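In: dropping a prediction and its sequence here:
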Amino acid sequence: MKKLIIIILAIIGSLNAKAQKLIAYVASNGITYHLKDTVHLGRGSAPNGTFLYLQMGGWAAIASYSASDGPNANNIGRGYANTAVIVKKINQTKIKGIVKVYFTVGGGNITNYLLYIEDAIQTCEVTPCTAPDNNQQIVADKFDLLKKLKGLLDSGAITQTEYDEQKKKILNQ
């Protein structure tokens, strides 16, 4: 057991040595996360409701590790569903050639957790889990402009030719 703890500490140490600290991160859900921000949790994405991408970190992960629990030993339970955590650190590292961003977060107790933010967003373990649909706003803006343009035409402020030219521009944006 002592050897296992030493190996785990060595792995964590090597990950931390390669990690680059960030002060902010723009995530795929359209939110820019900063230190001390609140991250709203959704539901765990594992079949039993536990969180796959919110995991116990630090000394607690080592102290509670049990080989019999398998690879999900450090997953956080479903009791954290629809709660929030606070960003303490934002880290970027390369794991097997892939850049990963993870947050060290606090959940209001003695230990910290690791939140693999992009994976959590993709599985809706973090809310909002999708970026806002900017296309809907663009379409709404176009229709609003067309409505105003039609009002100008009807009031005689512009000619039919001017209306047609402006309408074509708006629709081709």
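Out: Now that the structure is in, tell me what you want to look at. Residues are numbered from 1 along each chain as shown.
In: report the residue spans of the chain with pLDDT below the cut-off.
Out: Along the chain, the model assigns pLDDT under 70 to residues 1-18, 58-72, 131-141, 173.
In: recalculate using a threshold of 80.
Out: 1-19, 57-74, 109-110, 130-145, 149, 169-173 (pLDDT under 80).
In: how much space between I86 and L35?
Out: Using Cβ to Cβ, to the nearest Å, one gets 9 Å for the distance from I86 to L35. To be clear about C-beta, it is placed using only N, CA and C from the backbone, and glycine gets the same treatment.
In: try G57
Out: 16 Å.
In: those two - which one has more neighbours?
Out: When neighbours are counted by other Cβ atoms under 10 Å, G57 comes out ahead of the other of G57 and L35, with 19 against 16.
In: so what's the nearest residue to that one once chain neighbours are set aside up against?
Out: Nearest non-adjacent residue to G57, counting by Cβ to Cβ, 6 or more residues apart in numbering: L114, 4.2 Å away. Taking Cβ atoms under 8 Å, 6 or more residues apart in numbering as the criterion, L114 is in contact with 54-57, 102-105.
In: dump those residues to TSV, plus secondary structure and distance to T123.
Out: Converted to TSV, the contacts of L114 look like this (DSSP: H, G, I helix; E, B strand; the rest coil; distance: Cβ to Cβ, whole Å):
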residue	secondary structure	distance to T123
L54	strand	10
Q55	strand	13
M56	strand	18
G57	coil	19
Y102	strand	14
F103	strand	15
T104	strand	20
V105	strand	16
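In: show me which of those is closest to I90.
Out: I90 lies nearest to F103 out of those, by Cβ to Cβ, at 5.6 Å.
In: burial count for G44?
Out: Other residues within reach of G44, judged by other Cβ under 10 Å, total 24.
In: for K147, same thing?
Out: 9.
In: mind checking the SS state of it?
Out: Under DSSP: H, G, I helix; E, B strand; the rest coil, K147 falls in the helix class.
In: gap between it and D154?
Out: Taking Cβ to Cβ, one finds K147 at 11 Å from D154.
In: how many residues are close by D164?
Out: 13.
In: doesn't it lie inside a helix?
Out: Yes: assessed with three-state DSSP, D164 lies in a helix.
In: contact partners for I90?
Out: Residues near I90 by Cβ under 8 Å, 6+ apart: 21-25, 33, 35, 101, 103.
In: where along this protein do the helices fall?
Out: 2-18, 58-63, 117-122, 134-155, 160-171 (DSSP state H).
In: same for the last one, what does it pack against?
Out: Right, the one you point to is helix 160-171. The helices and strands touching helix 160-171, judged by 3 or more Cβ pairs under 8 Å, 6 or more residues apart in numbering; DSSP states H and E, are helix 134-155.
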